[in-house]
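With the input below, show me the fold.
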Amino acid sequence: MNSAKEANFRALTGLRMVAASLVFIYHNRKYWRSSLHPELLRFLNEGHMGVSLFFVLSGFLIAYTYADKTLDSPGAYLRYMALRAARILPLYWLILTASYVDWGFPATGETWATYTLAHAFSRQHILDAIAQAWSLNVELCFYLLAPVLYLFLKKRPLLPILFCLVLLGVAALTGILWHRLNGNPLGVLYPFDFLLQSTFFGRFMEFLWGMGLAAFLRGDLNWALLLPKKHSTLIGALGIMVALYLIGLLEPNIFTHGTDHPLGLLTRATLFPWLVVCLLYGLIHERTVLQRFLGSRPMELLGKASFAFYLIHISYVNIRIRQWLLLPDRNFLLLWVVSIVLYLFFEKPLHKLLRKCIQKSRQPLNQA
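Below you'll find the predicted structure:
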């Protein structure tokens, strides 16, 4: 990636801060329900779509950075997976271990499941320990399949969709058979709405949209007709806000999501990720105020610390901080300060060390 593109890609890093903040607002909206206008609350109820933004961005960055190089050899694929695991697991394991040491370890099976993120395949246990970590399970599933999906994407644009639909069918059938065999008490891959909402098998379209943009920019896919010729940033940014509000119109009440409705689910899989793709394309290629703001050094730092923020904004760390101090903003700014500290003094140096160790063998893969 040349220096000009690196400068443009900084705006994508800053965008991660926005996505993480959306999720924070979503999780804290219950404290403001009585004081917010119903139409604003309708918008905030769909703040969980910040996770969808993360998924589209992840699909783009992984495909753009690695493409099909990870299939050159088994060793290359293993190094790729090791790099991805080194990016997300150490900080998660640190926070998970701290919570267990503080509050006590659960049964051995549950402990093993949370450390491997396998608990997120179970409807009953998906929110165990660090509740928001369910999305890390979705990410890891994508990382495992990304090289194959990109290979399919280059051959036929619809092939990765068909492949993922087959995986969805297999996962759904597994859950149903398990349910008929013994009732599937843990809700593993069951019921179907759980699969669609909380696993890679139901969220694959968000990643594929991001991969499609990467394939277009790399010259592996002709997507010219799918992207605006002008004002991509404006179309994407305003479109995302409008889409969130429109999805909110499908909410039966202020305690549920519009994505629980089939039309909202379809919007999340098609219109919303397309708008995110428009925004990403605009941030890369258009010189705008938003690009300069998101690409600024402070926003870049916040974007890099966004993973730490995501892991601490609810659950163990947030609970402990609130017991010590609770500010009117629900500790929003304080949590960002803690996140920056975690990023600079734990996540960044440890990842640098692990990456150096992983890349010692043969020709290293690029960093993402």
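
If you count neighbours, what's buried in the strand or helix carrying residue 356?
Residue 356 is located in helix 348-358, with elements delineated by DSSP states H and E. Of the residues in helix 348-358, those buried by neighbour count under the rule 16 or more other C-beta atoms under 10 Å are 351, 354, 355, 358. All C-beta spots, glycine's among them, are computed from the backbone N, C-alpha and C.

And for stretch 248-255?
Neighbour-count burial for stretch 248-255, with 16+ other C-beta under 10 Å as criterion, is recorded at 248, 250, 251.

Chain neighbours aside, what residue packs nearest to the last one?
It stands for residue 251. When the adjacent residues along the chain are set aside, residue 251 lies closest to residue 258, with 4.9 Å between them (C-beta to C-beta, 6 or more residues apart in numbering).

could you pull out the strands for the stretch 101-250 of the chain?
For the stretch 101-250 of the chain, no strands are identified by DSSP state E, counting those that start in this stretch.

any low-confidence regions in it?
Counting by pLDDT under 70, the stretch 101-250 of the chain contains no low-confidence range.

how about a cut-off of 80?
Low-confidence segments of the stretch 101-250 of the chain, defined by pLDDT under 80, span residues 224-225.

in it, which spans are helices?
108-116, 134-155, 159-182, 192-198, 200-217, 232-248 (DSSP state H, counting those that start in this stretch).

so who does the residue lying closest to residue 188 once chain neighbours are set aside touch?
Spatial nearest neighbour of residue 188, excluding adjacent residues (C-beta to C-beta, 6+ apart): residue 122 at 5.1 Å. Residues touching residue 122, when contacts are defined by C-beta atoms under 8 Å, 6 or more residues apart in numbering, comprise 113, 186, 187, 188.

what's the farthest-apart pair in the residues you listed?
Longest distance between any two of those is 13.1 Å, between 113 and 187; criterion C-beta to C-beta.

Tell me how many other residues surround the residue lying closest to residue 134 once chain neighbours are set aside.
Beyond its immediate neighbours in the sequence, the residue positioned closest to residue 134 (C-beta to C-beta, 6+ apart) is residue 120, lying 4.2 Å away. Using other C-beta atoms under 10 Å, residue 120 has 24 neighbouring residues.

from what I can see residue 249 touches residue 42, true?
Yes: because the distance of 7.1 Å satisfies C-beta atoms under 8 Å, residue 249 is recorded as touching residue 42.

Other residues contacting stretch 245-253?
By C-beta under 8 Å, 6+ apart, the residues outside stretch 245-253 that reach it are 39, 42-43, 45-46, 49, 257-261, 263-264, 267-268, 272.

Go ahead and build a ChimeraX selection from the buried members of the residues you listed.
Only the buried members of the contacts of stretch 245-253 enter the following ChimeraX selection, criterion being 16+ other C-beta under 10 Å:
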select :42,43,45,46,49,257,258,259,261,264,267,268,272
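
With residue 282 as the reference, measure out to the nearest residue to residue 344 once chain neighbours are set aside.
When the adjacent residues along the chain are set aside, residue 344 lies closest to residue 305, with 7.9 Å between them (C-beta to C-beta, 6+ apart). In this structure, residue 305 and residue 282 are 24 Å apart, going by C-beta to C-beta, to the nearest Å.

ok, back up a step: list the contacts of the residue nearest to residue 344.
When contacts are counted by C-beta under 8 Å, 6+ apart, residue 305 is found next to 17, 336, 339, 340, 342, 343, 344.

now do residue 335
Counting by C-beta under 8 Å, 6+ apart, residue 335 makes contact with 24, 309, 312, 313, 318, 321.

same thing but 7 Å
By C-beta atoms under 7 Å, 6 or more residues apart in numbering, the contact list for residue 335 reads 309, 312, 313, 318.

before we move on, what about residue 209?
When contacts are counted by C-beta under 7 Å, 6+ apart, residue 209 is found next to 56, 59, 273, 274, 277.

from the residues you listed, which two are the most distant?
When the contacts of residue 209 are compared pair by pair using C-beta to C-beta, the maximum separation belongs to 59 and 274, at 12.6 Å.

more crowded one of the two?
Legend: neighbour count by other C-beta under 10 Å for residue 59 and residue 274, higher for residue 59 (28 against 20).

Find the nearest non-adjacent residue to the more buried one, please.
Computed as C-beta to C-beta, 6+ apart, the closest residue to residue 59 that is not its neighbour in sequence is residue 210, at 2.7 Å.

Contact partners for the one you found?
When contacts are counted by C-beta under 7 Å, 6+ apart, residue 210 is found next to 56, 57, 58, 59, 60, 63, 277.

where's the second one, which helix or strand?
Pointing back at residue 57 there. helix 49-66.

packing partners for that helix?
For helix 49-66, the packing partners by 3 or more C-beta pairs under 7 Å, 6 or more residues apart in numbering; DSSP states H and E come out as helix 3-28, helix 134-155, helix 200-217, helix 271-285.

hang on, residue 218 packs against residue 67?
Yes: taking C-beta atoms under 7 Å as the definition, residue 218 is a contact partner of residue 67 at 6.3 Å.

okay, these two: which has more neighbours?
Using other C-beta under 10 Å, the more surrounded residue of residue 218 and residue 67 is residue 67, with 21 against 13.

now the residue nearest to residue 188: how far from residue 158?
Taken as C-beta to C-beta, the span from residue 122 to residue 158 is 32 Å.
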